[in-house]
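Trainee: sequence unavailable; structure follows:
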Ligand code: SF4
Ligand code: SF4
């Protein structure tokens, strides 16, 4: 089985959010829903050096995230109606809209803040890896749209082999141990480890799912 996934280069990402907007446009999403979200993570401080000057360890970087089509999807494990399925050929995780009862368990169990409830249909919705495009031999629309080529798509093991030194998570992402996300990240020099508490998401309102 191919396990598709995203490569994300945090040393290239400028935080422009073109990927997020291209996805919203392509999927015709309402203003309250984003399948891809770009987190602005900042931290650090200034320290009095005692000689009339200050030293700084401030940092800022961006993390563009959609569904990670995890090897062990927490969303799927906890869905009470069996509506979340992992495709046996592509590894893509999708929510069957017919089976979904809108319980919202996936919303609270995904550690990546990915699924949300559609206020209109009352169903869980999320990134499906642009499964139709991928089946037609194309890349997800977010990957195509990035102006600095900070996103790539493909077999996750091939992406990891092609980009040495990738990691499966940087702050503000949680530890990858819980779900084994299909993502390979090139950490920028400022990137902090998952679980870091020295920084904060400064665009909290942009990345918070609006409750249905
Ligand atoms: S990122 Fe979240 S929604 Fe996507 S497969 Fe993993 S647990 Fe499920
Ligand atoms: S389009 Fe590319 S550079 Fe812009 S936020 Fe998305 S991943 Fe980053």
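Mentor: On my side now, so go ahead. From a predicted model like this one, the values you see are computed outputs, not experimental measurements. Ligands and ions are numbered 1, 2, ... in the order given.
Trainee: wait, residue 142 touches residue 23, no?
Mentor: Yes. Under the contact definition of CB atoms under 8 Å, residue 142 touches residue 23, with a separation of 5.0 Å. Quick note: C-beta positions are derived from backbone N, CA and C, even for glycine.
Trainee: return every residue with contacts to both of these two.
Mentor: 36, 66 (CB atoms under 8 Å, 6 or more residues apart in numbering).
Trainee: what does this protein have sitting close to ligand 1?
Mentor: 67-70, 73-75, 93, 110, 112, 114-115, 126, 179 (CB under 6 Å from any ligand atom).
Trainee: closest one to residue 83 out of the residues you listed, please.
Mentor: Nearest to residue 83 among those: residue 75, at 9.7 Å, using CB to CB.
Trainee: the closest one touches residue 109, doesn't it?
Mentor: Yes. Using CB under 8 Å, residue 75 is in contact with residue 109, at 5.7 Å.
Trainee: neighbour count for these two, which is higher?
Mentor: residue 75 (26 against 17; other CB atoms under 10 Å).
Trainee: biggest helix in this structure, by residue count?
Mentor: Using DSSP state H to assign secondary structure, the helix with the most residues in the chain is helix 18-26.
Trainee: select from the residues of the chain next to ligand 1 every entry located in strands.
Mentor: residue 93 (DSSP state E).
Trainee: among the residues of the chain next to ligand 1, find me the one that's closest to residue 168.
Mentor: residue 68 (8.6 Å).
Trainee: what's the distance between the residue nearest to the spatial centre of the chain and residue 153?
Mentor: By CA atoms, centre = their mean, the mean C-alpha position of the chain lies nearest to residue 65, the distance being 2.0 Å. According to CB to CB, to the nearest Å, residue 65 and residue 153 sit 14 Å apart.
Trainee: and residue 185, that's in a helix?
Mentor: No. Judged by DSSP: H, G, I helix; E, B strand; the rest coil, residue 185 forms no part of a helix; its state is strand.
Trainee: any idea how many residues pack against it?
Mentor: 25.
Trainee: list the residues that contact it.
Mentor: Residue 185 makes contact with 7-10, 63, 166-170, 191, according to CB under 8 Å, 6+ apart.
Trainee: arrange those in JSON lines, one row each, with distance to ligand 2 and pLDDT as further columns.
Mentor: Shown next, in JSON lines, are the contacts of residue 185 (distance: CB to the nearest ligand atom, whole Å; pLDDT from 0 to 100):
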{"residue": "7", "distance to ligand 2": "11", "pLDDT": "98"}
{"residue": "8", "distance to ligand 2": "7", "pLDDT": "99"}
{"residue": "9", "distance to ligand 2": "8", "pLDDT": "98"}
{"residue": "10", "distance to ligand 2": "8", "pLDDT": "98"}
{"residue": "63", "distance to ligand 2": "9", "pLDDT": "98"}
{"residue": "166", "distance to ligand 2": "15", "pLDDT": "98"}
{"residue": "167", "distance to ligand 2": "16", "pLDDT": "98"}
{"residue": "168", "distance to ligand 2": "17", "pLDDT": "98"}
{"residue": "169", "distance to ligand 2": "16", "pLDDT": "98"}
{"residue": "170", "distance to ligand 2": "14", "pLDDT": "98"}
{"residue": "191", "distance to ligand 2": "14", "pLDDT": "98"}
